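Engineer: Give me a model of this one.
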Amino acid sequence: MKSPRTIMQFALVAVALALTAAPASASQYTTTCGSGQYDMLSLMFMQDSYTAVNYYVYGDAYTWNGTGWTLNSSPLVEHTDVVDVTTSHDNGTIWDTGKINSVKDYQGQPDGLSGGQPKYYPLPPYWGYPWDINLFDDNYVYLWITENIWGDAYSYKAFNNGSSNNSMMFTRRCVVPGDDGTTSVLVDSPEGDGTNTTEYFTVPSATPTYTSSDCNTSTKQDLDYAIVTVEAEQPSSYTLTNTLTNENVSLNIIPVSYQYTCTSGTGGCKYQEVYEYGYDANNNNYGLVQWTYYESPSQNGSWTPVSMSVFNNLGQWSSTDVSNGEGGTDVSFPCNPI
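Structural biologist: All right, here's what the predicted structure looks like:
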């Protein structure tokens, strides 16, 4: 979901998530999928019974040193996901249009300049940013918005693959993981008809004002072909520690591989991000529990790990945290285009 220049920023992110369980027997019913299929939207987020009591997952960030993983000096910051269902049908049980706000940190919101430097609203409350903000409909989950500058809520990047709302297909809603591409693979083609795989919107680095005028400047960068694959399920392959009960929970994992800057729709990719979503034997869903970034400079299918974020602890926001806006639902996105 990131360009190469912000990958290391993402590695400092934590995750606490919001929605339901993974397979068709999910505890919160969000769409109808066939036998053996998973609703990927439901799989991507922690179930609502957990987030209702302010649970979240968190962990550590690592970098690859050539022979193994080195723990970063900065721990991961807690992260929460907020699902905004804009429309639904079938008595509200099927989610057919909406937005997912994945908050990576809680900071003060910039409010113009003072003495040439950004000034901020007083704290608390905290505002949620940086973020990833994705969209969904009946058929797909889409990559849409990600941060451009970690401390600037006015600066962002928007994925664009020919859609009117600047988005790019990430996964189908209903998928059989690892089915050789029948449902599990999506290819987003590069620029060729006036559209871009990714369009970057940026605040001018020399003259930011931290006002709505910053939302009007944009540059573009094409990521060539992008290939997204929902890989086969990995049963009992991940351990999550419930720090509230001091118990370990075994998770099944569904990995999603996002490869980009590819020479074709079948390979020759330079960058890869793997998102691993987890659920337990009781279909309790925990959302994103691990993210790994790889590079292939020769674009020959040989991948070298670069960074990894591991969200292997279950925690709980305090009532004070929530009242201050940390772990809450307030998302700061002043340039929101829709």
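
Engineer: how close does Pro255 get to Pro190?
Structural biologist: According to Cβ to Cβ, to the nearest Å, Pro255 and Pro190 sit 24 Å apart. The C-beta positions use only the backbone N, C-alpha and C, and glycine is treated the same way.

Engineer: Report the spatially nearest residue to Tyr140, omitting neighbours in sequence.
Structural biologist: Leaving out its chain neighbours, the residue that sits closest to Tyr140 by Cβ to Cβ, 6 or more residues apart in numbering is Met169, at 5.1 Å.

Engineer: which SS class is the one you found?
Structural biologist: Three-state call for Met169 (DSSP: H, G, I helix; E, B strand; the rest coil): strand.

Engineer: Would you agree it is in contact with Leu186?
Structural biologist: Yes. Judged on Cβ atoms under 8 Å, Met169 makes contact with Leu186 at a distance of 4.9 Å.

Engineer: Give the residues shared as contacts by the two.
Structural biologist: Applying Cβ atoms under 8 Å, 6 or more residues apart in numbering, one finds that Met169 and Leu186 are jointly contacted by 140, 228.

Engineer: got the contact list for the residue nearest to Tyr140?
Structural biologist: Contacts of Met169 (Cβ under 8 Å, 6+ apart): 140-143, 161, 186, 188, 228.

Engineer: Who does it form a beta bridge with?
Structural biologist: Tyr142 (DSSP bridges).

Engineer: how far away is it from Ile253?
Structural biologist: Taking Cβ to Cβ, one finds Met169 at 22 Å from Ile253.

Engineer: Phi first, then psi, for the most far-flung residue of the chain relative to its centre.
Structural biologist: With Cα atoms, centre = their mean as the measure, the chain has its most outlying C-alpha, relative to the mean C-alpha position, at Gly115: 35.3 Å. Backbone torsions for Gly115, taken as degrees, to the nearest 10, come to phi 60, psi 30.

Engineer: which residues does the closest residue to Asp188 other than its chain neighbours form a beta bridge with?
Structural biologist: In space, and not counting its chain neighbours, Asp188 is closest to Ala226: 4.2 Å by Cβ to Cβ, 6+ apart. Beta-bridge partners for Ala226, by DSSP bridges, are Asp188, Tyr260.

Engineer: Return the residues in contact with Ala226.
Structural biologist: Per Cβ under 8 Å, 6+ apart, neighbours of Ala226: 161, 168, 187-188, 197, 258-260, 262.

Engineer: Name the member of these with the shortest distance to Glu326.
Structural biologist: Tyr258 (28.8 Å; Cβ to Cβ).

Engineer: Which elements pack onto the helix or strand hosting that closest one?
Structural biologist: In the assignment (DSSP states H and E), Tyr258 maps to strand 247-262. When contacts are defined as 3 or more Cβ pairs under 8 Å, 6 or more residues apart in numbering; DSSP states H and E, strand 247-262 sits against strand 168-172, strand 225-230, strand 234-242, strand 269-279, strand 285-295.

Engineer: Tell me who's in contact with the residue nearest to the spatial centre of the chain.
Structural biologist: With distances taken as Cα atoms, centre = their mean, the chain has Asp132 as the residue nearest its mean C-alpha position (5.2 Å). Residues near Asp132 by Cβ under 8 Å, 6+ apart: 1, 100, 102, 104, 145-147.

Engineer: And the closest residue to it other than its chain neighbours, how close does it get to Thr211?
Structural biologist: Distances taken as Cβ to Cβ, 6+ apart put Ser102 closest to Asp132, at 4.2 Å, once the chain neighbours are dropped. From Ser102 over to Thr211 the distance is 25 Å, taken as Cβ to Cβ.

Engineer: This completes my enquiry, with thanks.
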